[in-house]
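Following is a predicted model, sequence given first.
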Amino acid sequence: MAWLDTIVQGILLGGLYALFATGLSLTFGVMRLVNLAHGDFSILAAFIAVVAVQTLGLNPLLALALVVPVMAAVGYGLQRLVLNRLLGRGILPAVLVTFGLSIVIQNGLLEAFSADSRRLNPGGIETASLPLGGGLAVGWFPLLTFAVAVLLLVGLQILIGRSAVGRAFRATSDDGGTAALMGIDNDRLYALAMALSLAVVAIAGIFLGIRTTFTFSSGPDRLLFAFEAVIIGGLGSLWGTLVGGVILGVAQTTGARVSPGWGVLTGHLVFLAVLLLRPSGLFAKSRRVD
Amino acid sequence: MTLLRVRELSAFYGDFQALFGISLDVAEGETVAVIGANGAGKTTFLRALAGALPVPESAVAFDGRPVGGRPSPALVDLGLVLVPEGRKIFPSLSVRENLLVGAYRARPGPWTIERVYRLFPILGERREQPGTNLSGGEQQMLAIGRGLMANPRLLLVDEISLGLAPLVVKNLYRALEAVKAEGTTLLVVEQDVSQVLAVAQRVYCFRKGAVALEGAPARLTRERISAAYFGT
């Protein structure tokens, strides 16, 4: 029973990892941009939520309604003003600039909020649990996190699969030059993708802040887990991202069950095993690139 | 009425000059062909018109407005659309989705997805398949259909016959006649001269990035065309 409990906790943790990974997968998929500041943006969102909670007295879950649009706007502006200038010159310029951005965000947060660890308090839901019988119980909050992750992925799947913007995302990802000839403004589309990416990672950051404590320097770990989830699942597959998150989550909780220090390490080992056995991930879409 | 007016257009790839002072006119409703050997600058010319290459503003006028150097989406809004060389079908998109991308910022006009399916029934039959599963000729139909979905006033078509069997090329040119009948103006680039001379009212022959010969096909002898084409 204890093992079953561990696995269920791991699956639900995977929902949180999928939230971190989705935006990363999206920006890489649409414009081959690796955003090394992705994790730091989630922590930035969590700190904005801290401010909203303190100044407006909002519940952190309600603060989502404020922080998500703010982060989407940050993403749109960042892409239009900075990142669009770096595309089309290989992967390195964007990697360097977002690495620098990561350092700027961390030090900005340190300056503004000190090195103290913080936590967002939604008022009880984070400790409430749902008994499943037989001594098994799952927390309402991890359950909520997982449900939000699934709903978001369904929503994104519909957006990308069925809408005009989604078709434009895929067409631009295939061949940006030809997409422009068809009237698709690549720069604007990339800005939309980054807005979506940061909106989703803002949710992830606030959920993280409710689940556990965070500091100005919590971002890079989140980025690492997000990368691992994306690569385990396979690039370009949204459901693969969820499965990747779940595999990583289960590996971590199982490892931690054996010995508390082994959780993160086990996650890395499983990631390396997948990388060795299936380098393109479990659900990679094989895509022709002409 | 002149729909497209090009004056002294030069274009460069970095330091390499590909076009040397091209002047060309296309009247509304007309079909004009640009022919020339490989490397004569035909594709560069179309790409410069479609906003894929930097050119001076005054070099290109569309419907009386100077539009040189405008980005492609702005030109699509005005009704100037390119069907690119090599078809460039989006591999992640189905046949239907490829057509819908063409309508991303469509102007009002006669071309709808149903109308394109009537012009090219095979596209309707295979609408849910990935666009790149089609044969070369069918992909060319898809590329033309995708361009038509924008309801262009002027459709630029680059090298329809590239790598296709003569019978397939013949069918594609028959379809172009139907496009013409809708009132769409056409500027067609070809290496294969025989087909295009039958549909074009006027022809320009490019050599080494400049116009070597211009006129109505009926008035040009084979000898003059071949002299301009090969530079003999």
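Received the coordinates, thanks. Quick caveat, the model's predicted, so the values are computed rather than measured.

Flag every residue of chain A that's near chain B.
Selection of chain A residues close to chain B by CB under 8 Å from any CB of the partner chain yields A:164, A:167-168, A:170-171, A:173-175, A:177-185, A:287-290. Just so you know, the C-beta spots here come from the backbone N, C-alpha and C atoms, and that holds for glycine as well.

Please narrow those residues to those residing in helices.
Among those, the ones falling in helices (DSSP state H) are A:164, A:167-168, A:170-171, A:173-174, A:177-181.

how about these in TSV, adding neighbour count and distance to residue A:221?
Output for these, formatted as TSV (neighbours: other CB atoms under 10 Å in any protein chain shown; distance: CB to CB, whole Å):
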residue	neighbour count	distance to residue A:221
A:164	14	37
A:167	25	36
A:168	24	34
A:170	21	31
A:171	26	35
A:173	22	28
A:174	23	33
A:177	14	38
A:178	23	39
A:179	26	36
A:180	22	38
A:181	27	42
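
among those residues, which two are most distant?
A:164 and A:177 (19.5 Å; CB to CB).

Give the burial count for residue 91, as a bare number.
Reading this off chain A. As a burial measure, residue A:91 scores 13 neighbours (other CB atoms under 10 Å in any protein chain shown).

that's the wrong chain, I meant chain B
Neighbour count for residue B:91, taken as other CB under 10 Å: 18.

So which helix or strand of chain A has the lowest pLDDT on average?
Using mean pLDDT, DSSP states H and E, the weakest-scoring helix or strand in chain A turns out to be strand A:129-133, at a mean of 86.

pull the CA atoms of the following helix or strand past that one into PDB?
Heading C-terminal from strand A:129-133, the first helix or strand you meet, by DSSP states H and E, is strand A:136-139. The C-alpha coordinates for strand A:136-139 follow below in PDB (Å, rounded to 0.1, in the frame of the first residue of the first chain):
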ATOM      1  CA  LEU A 136      -4.600   5.500   0.900                       C
ATOM      2  CA  ALA A 137      -5.200   9.200   0.500                       C
ATOM      3  CA  VAL A 138      -4.400  11.800  -2.100                       C
ATOM      4  CA  GLY A 139      -4.000  15.500  -1.500                       C
END
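
State the distance from the closest residue to chain A within chain B to residue B:63.
Per CB to the nearest CB, residue B:76 is where chain B lies closest to chain A, at 3.5 Å. Shown here: residue B:76 relative to residue B:63, a distance of 14 Å by CB to CB, to the nearest Å.

Tell me which of those two has more neighbours.
Shown here are residue B:76 and residue B:63; by other CB under 10 Å, residue B:76 has more neighbours (28 against 16).

Phi, psi for the spatially closest residue to that one that is not a sequence neighbour please.
Once flanking residues are discounted, residue B:76 sits nearest to residue A:183: 3.5 Å by CB to CB, 6 or more residues apart in numbering or on different chains. The phi/psi pair for residue A:183 (degrees, to the nearest 10) reads phi 100, psi 10.

and chain B, which of its residues are near chain A?
Residues of chain B found near chain A (CB under 8 Å from any CB) are B:50-52, B:71-73, B:76-77, B:81-82, B:84, B:88, B:90-93, B:97, B:100-102, B:104-105, B:132, B:146, B:150.

Next step: those restricted to strands.
Those of the residues of chain B next to chain A mapping onto strands are B:81-82, per DSSP state E.

Buried by neighbour count, from the residues of chain B next to chain A: which ones?
With neighbours counted by 16 or more other CB atoms under 10 Å in any protein chain shown, these contain buried members at B:50-52, B:72-73, B:76, B:81-82, B:84, B:88, B:90-93, B:97, B:100-102, B:104, B:132, B:146, B:150.

Report the contact partners of the residue of chain A found nearest chain B.
Nearest residue of chain A to chain B, counting by CB to the nearest CB: residue A:183, 3.5 Å away. By CB atoms under 8 Å, 6 or more residues apart in numbering or on different chains, the contact set of residue A:183 is B:72-73, B:76-77, B:81, B:104-105, B:150.

As JSON lines, those residues with pLDDT would be great.
Below are those laid out as JSON lines (pLDDT from 0 to 100):
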{"residue": "B:72", "pLDDT": "95"}
{"residue": "B:73", "pLDDT": "95"}
{"residue": "B:76", "pLDDT": "95"}
{"residue": "B:77", "pLDDT": "95"}
{"residue": "B:81", "pLDDT": "96"}
{"residue": "B:104", "pLDDT": "94"}
{"residue": "B:105", "pLDDT": "89"}
{"residue": "B:150", "pLDDT": "95"}
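
Then residue B:183 would be within a helix, right?
No. Applying DSSP: H, G, I helix; E, B strand; the rest coil, one finds residue B:183 to be coil, outside a helix.

Burial check on the nearest residue to it once chain neighbours are set aside, number of neighbours?
Sequence neighbours aside, residue B:29 is the residue nearest to residue B:183 in space, at 6.1 Å (criterion: CB to CB, 6+ apart). Close neighbours of residue B:29, defined as other CB under 10 Å, add up to 14.

my guess is residue B:29 is in a helix, correct?
No. Residue B:29 sits outside any helix when classified using three-state DSSP, being coil.

quick one: contacts for it?
Under the criterion of CB under 8 Å, 6+ apart, the neighbours of residue B:29 are B:180, B:183, B:185.

coming back round to it: residues in contact with the least confident helix or strand of chain A: which ones?
Strand A:129-133 is contacted by residues A:137-140, A:143 when judged by CB under 8 Å, 6+ apart.

Filter the residues you listed down to just the buried residues.
The neighbour count (16+ other CB under 10 Å) marks A:138-139, A:143 as buried among those.

any low-confidence regions in the stretch 101-250 of chain A?
Applying pLDDT under 70 to the stretch 101-250 of chain A flags no residue at all.

List the beta-bridge partners for the most centrally placed residue in chain B.
Geometric centre of chain B, nearest residue: residue B:157, 1.7 Å, by CA atoms, centre = their mean. On the basis of DSSP bridges, residue B:157 is bridged to residue B:83, residue B:188.

Could you verify my assumption that it touches residue B:176?
Yes. Using CB atoms under 8 Å, residue B:157 is in contact with residue B:176, at 7.5 Å.

shared neighbours of these two, which are they?
Joint contacts of residue B:157 and residue B:176 (CB under 8 Å, 6+ apart) are B:144, B:186, B:188.

Measure how buried residue A:92 is and give me the count.
Other residues close to residue A:92 by other CB under 10 Å number 10.

Sorry, slip of the keys, the one I care about is residue B:57.
12.

Can you tell me the SS state at the closest residue to it other than its chain neighbours?
Distances taken as CB to CB, 6+ apart put residue B:68 closest to residue B:57, at 4.4 Å, once the chain neighbours are dropped. Classification of residue B:68 using three-state DSSP returns coil.

what's residue B:68 sitting at in phi/psi?
According to degrees, to the nearest 10, residue B:68 has phi -60, psi 140.

Thought residue B:53 was touching it, still the case?
No. Using CB under 8 Å, residue B:68 makes no contact with residue B:53, being 10.0 Å away.

Neighbour count for the two, which is higher?
Higher neighbour count among residue B:68 and residue B:53: residue B:68, with 20 against 17, using other CB under 10 Å.

okay, the more buried one: pLDDT?
Per-residue pLDDT puts residue B:68 at 92.

That one: what's it in contact with?
Contact analysis of residue B:68 by CB under 8 Å, 6+ apart lists B:9, B:55-60.

Just the buried residues of these.
If you count burial by 16+ other CB under 10 Å, the buried members of these come out as B:9, B:55, B:59-60.

In TSV: those residues, plus secondary structure, pLDDT and distance to residue B:46.
Converted to TSV, the buried ones among the contacts of residue B:68 look like this (DSSP: H, G, I helix; E, B strand; the rest coil; pLDDT from 0 to 100; distance: CB to CB, whole Å):
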residue	secondary structure	pLDDT	distance to residue B:46
B:9	strand	94	11
B:55	coil	92	12
B:59	helix	94	14
B:60	strand	95	12
